[in-house]
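In: sequence and computational prediction follow.
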Amino acid sequence: MTRLRTIHRCTDCGVATPRWVGRCPACGAWNSLVEDVEEVGPSTALARRGTASGPVEGAAPITEVDATGGMARPTGVDELDRVLGGGLVAGSVTLLGGEPGIGKSTLLLEVCGRAAGLGRRVLYVSGEESRQQVRSRAERVGAVHPELWLASEVSLPRIITLIDQVHPELLVIDSIQTLHDPELDSAPGSLVQVRECANGLVRAAKQRGLPVVLVGHVTKDGGLAGPRVLEHVVDTVLSFEGERHHALRMLRATKHRFGPTNELGLFEMAEVGLVGVPDAGLLFLSDRRPGVPGSAVAATVEGQRPLLVEVQALVAPSELANPRRAAQGLDPGRLAMLLAVLERRAGLSFAKADVYVSAAGGVRLSEPGTDLAVCLALASALTDRPLPEGLVACGEVGLGSELRQVAQTPRRLAEAARLGFTHAVVPASASGFTGMEVVRAATVLVPLLGLGLLNG
């Protein structure tokens, strides 16, 4: 005889407690426990499924293990293959997360259409839309193909049955939060349902050598919804990012068992769907107006791709006791630190001014190599003096105003030279590049003085 009991389960580590507490007793995370329901008795999910999920594979010397079984197979979408290190691996499970409306379903339909066009049978299971709705989107992105099979299903056992009937070479589940296992009494989307359905799909993928892609919802903080164990059981976690009011979309891997996690895929949302951007050189500079105060070009690197991004700053007088500090595409904490360095070390006062800083084009700058460009843009906006045309900057700014070297400086400047930039400001310790006039500076004061952004 089974019965239900109410518990509280940590979304980070999955530990259960009989009552809510502010801090998880296992992992120490704050406010991570949410209410859930579990079964008590012999008919638990583990007892129903048994302790073994299939025949036990014997151990073998590592020299006798066939390495070709882990080879990636291209998806047909070049930017996705770039992030995955070549494509999807047989038996792998990939989790794709992103905000609602960012284009996750559109991207996966394009992947399904390309794979079907290459003669691979694909099963697309939608738990949120009907087959007619998916067909309508597939027509828009050009993914209609006889080898692409559609199903509108949320029951895990029925999905497993569909896999055995269709025998696909690629399975897409949109989304994992909509699935439920009838053997569990929890509601769809609960921690238990998400965890058990994910485990069931992982077992199915490993047993059949089937690559599976799961779509995951995200929380308001941008993290994947559901238990943190969901990220642990899958092989790859992809993050699809971008501003909803901009056409740019960025794809990153935050976890990847079959390759590196430092690659970046760029897409542009068009009428026909998502279009890959193989050369992002002029993508962020196409609408730039030279000679405007507060505009600086930063040479940054996302993964292995050098990018040139315009950093814009606006400094306006304010009568507020606490002037505004707004950052779009940059870390607000980093902006506050750079403002403090400029005030304390360079004597530039922002105390009675509103400060707005933005990375043009909807890109998010997270690496410290953009610090110098942000400082130049702030000083240019404050003094109302434009920076010279053809100038690019890269370097990390320390609390003592010193400029620190950043990784792959030669690649950054090579990309800048290719796009027509003639001058660069870099840290004094940087070396190993030619092709443009380079100013090496030990502190941020040197370029500020040289560009006339300080009085002395």
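Out: Yep, it's here. In this text the structure is predicted, and so the values were computed from the model without any measurement.
In: C-alpha from now on. contacts and neighbour counts both.
Out: Will do.
In: what helix or strand is residue 197 located in?
Out: Using DSSP states H and E, residue 197 falls within helix 191-208.
In: now for that helix, which elements pack on it?
Out: strand 33-40, helix 156-166, helix 229-233 (3 or more CA pairs under 8 Å, 6 or more residues apart in numbering; DSSP states H and E).
In: contact partners for residue 71?
Out: For residue 71, the contact set (CA atoms under 8 Å, 6 or more residues apart in numbering) comprises 89, 90.
In: quick one: closest of the helices and strands packed on helix 191-208 to residue 59.
Out: Closest approach to residue 59 among those (CA to CA): helix 229-233, 21.9 Å.
In: direction included, what does the very next helix or strand once past that closest one pair up with?
Out: Next helix or strand after helix 229-233 toward the C-terminus (DSSP H and E): strand 236-241. Strand 236-241 sits in its sheet next to strand 93-98 (parallel), strand 248-256 (antiparallel), going by DSSP bridges.
In: contacts for strand 236-241, please.
Out: Everything outside strand 236-241 that qualifies as a contact, by CA under 8 Å, 6+ apart, is 92-99, 102, 104, 231, 249-257.
In: how much space separates residue 146 from residue 137?
Out: Distance, residue 146 to residue 137, by CA to CA, to the nearest Å: 16 Å.
In: quick one: which of these two has more around it?
Out: Set side by side, residue 146 and residue 137 show more neighbours around residue 137, with 18 against 12, by other CA atoms under 10 Å.
In: could I get the helices and strands packed on helix 191-208 in a markdown table, plus columns for mean pLDDT and mean neighbour count?
Out: Listed next are the helices and strands packed on helix 191-208 as a markdown table, based on pLDDT from 0 to 100; neighbours: other CA atoms under 10 Å:
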| stretch | mean pLDDT | mean neighbour count |
| --- | --- | --- |
| strand 33-40 | 71 | 17 |
| helix 156-166 | 96 | 14 |
| helix 229-233 | 83 | 18 |
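In: just the buried ones from the contacts of strand 236-241?
Out: 92-99, 102, 104, 231, 249-253, 255-256 (16 or more other CA atoms under 10 Å).
In: and the helix holding residue 197, which residues are buried?
Out: Neighbour-count burial for helix 191-208 flags 191-205 (criterion: 16+ other CA under 10 Å).
In: what's the least confident stretch among the strands paired with strand 236-241?
Out: Sorting these by mean pLDDT places strand 248-256 lowest, at a mean of 90.
In: got the residue ranges for the strands in the stretch 351-456 of the chain?
Out: 353-359, 391-393, 396-397, 403-404, 423-427, 437-441 (DSSP state E, counting those that start in this stretch).
In: so which of those is nearest residue 159?
Out: Ranking those by proximity to residue 159 (CA to CA) places strand 353-359 first, at 43.7 Å.
In: in its sheet, which strands sit next to the closest one, and in what direction?
Out: For strand 353-359, pairing defined by DSSP bridges yields strand 305-317 (antiparallel), strand 325-328 (parallel).
In: contact partners for the closest residue to residue 154 other than its chain neighbours?
Out: Nearest residue to residue 154, sequence neighbours excluded (CA to CA, 6 or more residues apart in numbering): residue 179, at 4.5 Å. If you count contacts by CA under 8 Å, 6+ apart, residue 179 has them with 127, 154, 155, 156, 188, 189, 193, 194, 197.
In: now distance to residue 331 too, for the residues you listed, in CSV please.
Out: Formatted as CSV, those follow (distance: CA to CA, whole Å):
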residue, distance to residue 331
127, 36
154, 39
155, 42
156, 41
188, 36
189, 32
193, 35
194, 32
197, 36
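In: skip ahead from the helix or strand of the chain with the lowest mean pLDDT and say which helix or strand is next.
Out: For the chain, counting by mean pLDDT, DSSP states H and E, helix 45-49 ranks last in confidence among helices and strands (a mean of 47). Downstream of helix 45-49, the next assigned helix or strand under DSSP H and E is strand 72-73.
In: other SSEs contacting that next one?
Out: strand 88-89.
In: can you list the strands that the strand it packs on pairs with?
Out: By DSSP bridges, strand 88-89 pairs with strand 72-73 (antiparallel).
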